[in-house]
Structure formats: structure tokens, C-alpha cells
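Visitor: Dropping a prediction and its sequence here:
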Amino acid sequence: RGQVTSSVLFESAMTGLIASLLGVGAGILLAIAMEALIEVAFGGNLPDAGLQLQLRTVVVAITVGLLVTMTSALLPAVRASRISPMAALRETPTGSNPATWRRRILSGSPVLLIGIGAMAAGLAGLDIFGLAPALLVGIGAGLVFIGVYVLSPLVARPISRLAGIPIKAVASATGNLAERNASRSPRRTAATAGALMIGLALVATVSILAASTRDTATNAIEEAFTADLLLQPPGFGFTGFSSDAVDTVAGIEEIESATGVKIGPASVLDTTTFVAGVDTELIREFLDIEIIAGSFDSLSGNRISTTKSTADSNDLSIGDTVEVGFARTGTQRFELAAIIDAGAATDTNWYVSDSTFAEHFLETNAFQAYIRLADGVSVEQGRAAVETALTDFPGIEVIDQEELRDQIASQINQVVFLIFGLLA
């Protein structure tokens, strides 16, 4: 027995070592390819710091590879050592005893039923233990997955025989051999099918999440974004664009109004985040901002606004003092003047007025600007007028709502394709 166990573990160790070394090499090549992909697909330039490969990275990769491989091989090695050579040569393998099947039924059936019940409750919107419906569906799906995996050896043999009928009708010898091989060891067949099930489940999950994210993003744009045109920096846009470009656009006759959103890093409630500077009067013409409490128009001076979710999580109410740390002016005390619900309109939870933002930040570039066209001006005419006015500000992109939705969908698709590539 010891000889069988040690030989299996040694083989798994060698497999893990070779696979780990190949994985490190493939990871290096993938990192180089992903850097090129990001620059080509997203239009950004990553910092030229060179390839960072440290000795500890290689050591950790090999160690984890060996541990995972040998741990996964330990139970099969012990099981193999308990089978006599003569039993191993039999057509029907040992271990297919009724006690094993009973254990699988008693352990897998409750898990499967509970999972189905949790999914049904989540889809019906029932309140179970205070869990959100989406969370219930996720928990139920995971339990169903586990239950099916445990019970799959019980149905592997009849399914193999059923699937073999049409195959044997086309290729009798090959089909008969395949059917007998699959039926001979239901547990092995179920394990093989389980790997395929995991892959298909991951692909389906990513596809569903991507579709849901696309729909959520496009619906948020349609509901909260009322501008005719949008100005945005090219590529990743980490530096934004000059606020003078917004003033220039606002002054042409084809434009009714225009306003920009400035974003800068700050420390709020001892957490590093971003603060947005907005024109409190104009911004509500373009974004659907619901005032939950206080007044959004009173953000002059050291007054700040936050979203309802942030206020609830930090137990904040109107009039509370919020400490905000700036790189330029240090820590400042702000009064919470408004609690709002901005939906998915912006990427920050804290808002101050334009004048306050300029007082505390060195860089006052805009990261986005919203434009409303004058009456009778079409989107094509307005775009042409804006692009002409921005000749002194090269690189700024002018897009409409449809192009914004296409951009978001394209970015999500690129992430999905990357995940599919990694799964493959």
C-alpha cells in the first residue's frame, strides 16, 4: 500500500512542478500580451516600469502548485492503495456498493432541495432570514450546483447508456466501446462531466452578469443623463481636460447650456476617495439628482453633500461635521448640507461647489462635461459646432447618448472576452 501511495504522490508532485513552471512562463507571456491589449483596445499607456518578476513570485507559484496537486492526489492515492491488484483488473470496479450510494443520496438530496427552494424564494421575492432576493438566488444556485455534483454519479451510468444509443446506431463498435467505458465507472464519468459543468456554469454566469450590467448601465444613462452631448478626455482620461473648454463651448450660439464635473482625490472620514466639484444650479439640469434631505443649492463655502447610501453607512445627518483632507489645504471641517440620490450618474459619493473645489485643489480640470443644444439645433449640427469651437483643445471627445451607451457596452464586452479567454 505504501508503495502505491508514494508512487502516486511522487507522480503528482512531478506533474505539479512541471505545471507550475509552465504556468509561470505562460503568466509572463500573458502579462506582456495583456499590456499590449490594454494599450490597443483601451487606448491607454501603462507606466513603463518594465516586467516585474521577483524570486518570491516563482517560489510562491511553485509551492502553491505542488500543494494543490499533491493534496488533490492524496485521497485518490489512499483509495488506490486499498484496492487489490486482482480487483483493479475486474471490469466492474470496486467501491460501487449500496452504502456509498445511500450516503450520496442522503447528503446530496437535501442540499439540492434546499438550493431549489432558495432559488424559488429569491425569484419570488420572499423575505427569508432578511436576505436580499438576489443573494438568495446566488446561494440557491451554489447549493444546487453542489447537490448535482454529489448526486451525479448515481445517474451517470443510465445517462451514459441512454446517450450511447444514437452513437451506437451510427458507429456500433466505437459507440459500444464509449458507452461501456463511460458506464464502467460512474464516479469517474461524473467527475469528468463535473469539470465541464463548472466551465459551462462560469461561462453562463459571466454572460448573465455582463448582460445585466449592460442593461443596468444603459438604463441608468437613459434615466439619469439628459444631456444632448458629452465631452470626455481621450483614452483613460486620468488628467481630464481644461475647464476653459467648457466655458468656450457654453459661449457658442448653438449651445443652450454646458457644465463640467471636476473630480479630485481626498480623504473623507479617514477613507481615501474622490470629491466632485459641480455647478450646483446647472448640474441638476443634466443629471437626475434627487434631494433626500437638506439643500443641494447651498454648497457654497465649507458645505458638502453626500449620497444616501454613504450617509446611512456612516450614520450621518444634515448639519453633521465631516472632516475632509486635501493635499493642498490639509484637513478641513465641512458641514453636511445635503443628502442626495444620484443613482449611477457619477463615480463619486461626495460633492462640493465649483468655487470650493478650486479653493482646495491645484488641478481643476474637468473629467466630463454635459451639453444641452439650443432649440432647433440637431445633434449633428451641435456636434459640428462644438468640435469647431474646441480646435484649441485637441483630444477632447464629443459623443452623444447613443455613443456613450455603445462605449459602455464595448468596455463590458472587452472584459467578458478577456474572462472567456482566461477560461479557455
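Guide: Perfect, I can see it now. Numbers count the residues shown, from 1 in each chain.
Visitor: which stretches of the stretch 151-300 of the chain form helices?
Guide: Here the stretch 151-300 of the chain has its helices, by DSSP state H, counting those that start in this stretch, at 172-184, 186-224, 243-250, 283-286.
Visitor: wait, which of these is closest to residue 313?
Guide: Among the helices of the stretch 151-300 of the chain, the nearest to residue 313 by C-beta to C-beta is helix 186-224 (20.9 Å). All C-beta spots, glycine's among them, are computed from the backbone N, C-alpha and C.
Visitor: what angle do that closest one and helix 172-184 make?
Guide: Computed by axes from the mean of the first three to the mean of the last three C-alpha atoms, to 10 degrees, the angle separating helix 186-224 from helix 172-184 equals 90 degrees.
Visitor: List the buried residues for helix 186-224?
Guide: Using 16 or more other C-beta atoms under 10 Å as the burial criterion, the residues of helix 186-224 that qualify are 186-187, 189-190, 193-194, 210, 213-214, 217-218, 221, 224.
Visitor: and if you look at stretch 4-19?
Guide: Within stretch 4-19, the residues that count as buried by 16+ other C-beta under 10 Å are 4-5, 8-9, 12, 16, 19.
Visitor: Restricted to helices, list the residues you listed.
Guide: 4-5, 8-9, 12, 16, 19 (DSSP state H).
Visitor: And the strands in the protein, which stretches?
Guide: 229-232, 255-268, 271-278, 290-294, 303-307, 321-326, 330-341, 350-353, 366-373, 397-399 (DSSP state E).
Visitor: Packing partners of the longest one?
Guide: Right, the one you point to is strand 255-268. Contact analysis of strand 255-268 by 3 or more C-beta pairs under 8 Å, 6 or more residues apart in numbering; DSSP states H and E lists helix 243-250, strand 271-278, helix 283-286, strand 321-326, helix 354-360, strand 366-373, helix 379-389 as its packing neighbours.
Visitor: how about these in TSV, adding mean neighbour count, mean pLDDT and distance to residue 258?
Guide: Converted to TSV, those look like this (neighbours: other C-beta atoms under 10 Å; pLDDT from 0 to 100; distance: least, C-beta to C-beta, whole Å):
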stretch	mean neighbour count	mean pLDDT	distance to residue 258
helix 243-250	19	92	4
strand 271-278	18	91	13
helix 283-286	20	85	9
strand 321-326	16	94	27
helix 354-360	18	92	13
strand 366-373	22	91	5
helix 379-389	16	93	9
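Visitor: Kindly reformat these as TSV containing distance to residue 117.
Guide: Below are the helices and strands packed on strand 255-268 laid out as TSV (distance: least, C-beta to C-beta, whole Å):
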stretch	distance to residue 117
helix 243-250	55
strand 271-278	39
helix 283-286	46
strand 321-326	45
helix 354-360	52
strand 366-373	46
helix 379-389	51
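Visitor: Minimum distance to residue 73: which of the ones you listed has it?
Guide: So among those, strand 271-278 is nearest, using C-beta to C-beta, at 44.7 Å.
Visitor: Return that closest one as PDB; C-alpha atoms alone will do.
Guide: Output of strand 271-278 as PDB, limited to C-alpha atoms (Å, rounded to 0.1, in the frame of the first residue of the first chain):
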ATOM      1  CA  THR A 271     -11.000  57.000   3.800                       C
ATOM      2  CA  THR A 272      -9.300  57.900   0.500                       C
ATOM      3  CA  THR A 273     -12.000  58.700  -2.100                       C
ATOM      4  CA  PHE A 274     -12.900  61.300  -4.700                       C
ATOM      5  CA  VAL A 275     -14.700  64.600  -4.300                       C
ATOM      6  CA  ALA A 276     -16.600  66.100  -7.200                       C
ATOM      7  CA  GLY A 277     -16.900  69.800  -7.900                       C
ATOM      8  CA  VAL A 278     -20.100  70.900  -9.700                       C
END
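Visitor: List the strands paired with that strand, with their directions.
Guide: Using DSSP bridges, the strands paired with strand 271-278 are strand 255-268 (antiparallel), strand 350-353 (parallel).
Visitor: deepest of those strands, which one?
Guide: Sort the strands paired with strand 271-278 by mean neighbour count, taking mean count of other C-beta atoms under 10 Å, and strand 350-353 sits at the top with a mean of 25.
Visitor: For that strand, C-alpha coordinates in PDB please.
Guide: Provided in PDB are the C-alpha atoms of strand 350-353 (Å, rounded to 0.1, in the frame of the first residue of the first chain):
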ATOM      1  CA  TRP A 350     -19.100  63.500  -2.200                       C
ATOM      2  CA  TYR A 351     -20.000  66.800  -3.900                       C
ATOM      3  CA  VAL A 352     -18.900  70.400  -3.300                       C
ATOM      4  CA  SER A 353     -19.400  73.600  -5.300                       C
END
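Visitor: Minimum distance to residue 25: which of the helices and strands packed on strand 255-268 has it?
Guide: Closest among the helices and strands packed on strand 255-268, using C-beta to C-beta: strand 271-278, at 36.4 Å.
Visitor: Relative to the whole chain's centre, how far out is stretch 154-162?
Guide: Mean C-alpha position of stretch 154-162 versus that of the full chain (C-alpha atoms, centre = their mean, to the nearest Å) differs by 37 Å.
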